[in-house]
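Trainee: build me a structure from this.
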Amino acid sequence: MWFRVLVVFLGLGCSISSQAKSPEKKQVQMEVPPPPPKVIIVDAGHGGKDPGALVKKTREKDITLAIAKKVGVLAKKRLAAKVVFTRSSDRFISLEARNRIANQNSCDFFVSVHVNAATSKKPEGIEIYYLNNATDRAAEKLAARENAGAPKKMTDVQAILSGLIQNAATEDSAEAASYIQKGLQRRMSKKFGVKSVKVKTALFYVLVGTKCPSLLVETGFITNPREQRNLKKGAYQNALAESVVDGIATYFDNLDTPRSDL
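Mentor: Next comes the predicted model:
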């Protein structure tokens, strides 16, 4: 009997000793790298020898640069995005070069900032454009003015467009435009009395060559005395920039959220 107890005791000791010596298997967890930052191209319309719309001493190129810089700062802060400016100073950049900058940086979003103008003082409001056939005659005329100096004739642009409008980027651009429109309506009407914020389409050359969702924002009418005063105010420019970045953020959030109906 003592022999049996000794054998059992020795067996347990060996078992305990072997368990103590055997190292525990560590669970290896694969670290998922964070997604790369979104690349947002912020395009300040006109510049250098091209002043854009002019009313007395107020120049479109100065207003667009001021607003574009504010959009860029907010996009970096809110979205942790990589922001690339087509111009960050008063210099001339061709429409073709603006496209090239966007595509060389593998853009995730392109926004071009402009200021509208009319032949009378009455027209007012903010207009957000994405690429497609012109919504109306006014949009067609505006695009023709903004396309001055484009290296391709509009007939060539229309041929390019026929393939692009079937592209998912156009649908994404329209979706982002609707988000920005809502933000602008909410913020700008309350603070600055902006009565109209519209989403429209036109053949803007600066939007044709970009290979990502792209918008052109006409931030107000420089020819409307009230809107011209607002466009020069830092508070107005800040509110515009906040609304644009809010809309882009909402677009990206919805893009990254899995659909529940799949």
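Trainee: give me the distance between the most centrally placed residue in the chain and Lys191.
Mentor: Closest to where the C-alpha atoms of the chain average out (Cα atoms, centre = their mean) is Phe109, at 4.1 Å. According to Cβ to Cβ, to the nearest Å, Phe109 and Lys191 sit 25 Å apart. To be clear about C-beta, it is placed using only N, CA and C from the backbone, and glycine gets the same treatment.
Trainee: pLDDT score assigned to the closest residue to the residue nearest to the centre of the chain other than its chain neighbours?
Mentor: Among residues not flanking Phe109 along the chain, Ile40 sits closest, at 4.9 Å (Cβ to Cβ, 6 or more residues apart in numbering). Looking at Ile40, its pLDDT stands at 98.
Trainee: one step back: surely the residue nearest to the centre of the chain touches Ala177?
Mentor: No - counting by Cβ atoms under 8 Å, Phe109 does not reach Ala177; the two are 11.6 Å apart.
Trainee: show me what contacts the residue nearest to the centre of the chain?
Mentor: By Cβ atoms under 8 Å, 6 or more residues apart in numbering, the contact list for Phe109 reads 38-41, 176, 212-214, 248, 251-252.
Trainee: are any of these buried, and which?
Mentor: Among those, the ones that count as buried by 16 or more other Cβ atoms under 10 Å are 38-41, 176, 212-214, 248, 251-252.
Trainee: how deep is Gly47 tucked in, by neighbour count?
Mentor: By the measure other Cβ atoms under 10 Å, the count of residues near Gly47 is 23.
Trainee: what bridges to it?
Mentor: With DSSP bridges as the criterion, the beta-bridge partners of Gly47 are Asp50.
Trainee: just the element for Leu142, please.
Mentor: helix 137-146 (DSSP states H and E).
Trainee: hmm, who's touching that helix?
Mentor: Counting by Cβ under 8 Å, 6+ apart, 45, 114, 116-117, 129, 134, 154, 200-206, 216, 218 sit against helix 137-146.
Trainee: among the residues you listed, the buried ones, what's the ChimeraX command?
Mentor: Provided next is the ChimeraX selection string for whichever of the contacts of helix 137-146 are buried by 16+ other Cβ under 10 Å:
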select :45,114,116,117,129,134,200,201,202,203,204,205,206,216,218
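Trainee: pick the one among the contacts of helix 137-146 closest to Thr58.
Mentor: Ala117 (10.5 Å; Cβ to Cβ).
Trainee: measure the residue nearest to the centre of the chain to Pro36 for me?
Mentor: According to Cβ to Cβ, Phe109 stands 14 Å off from Pro36.
Trainee: Asn105 too?
Mentor: On the measure of Cβ to Cβ, Asn105 and Pro36 end up 12 Å apart.
Trainee: and Pro51, by the same measure?
Mentor: Remark: distance between Pro51 and Pro36 (Cβ to Cβ) = 37 Å.
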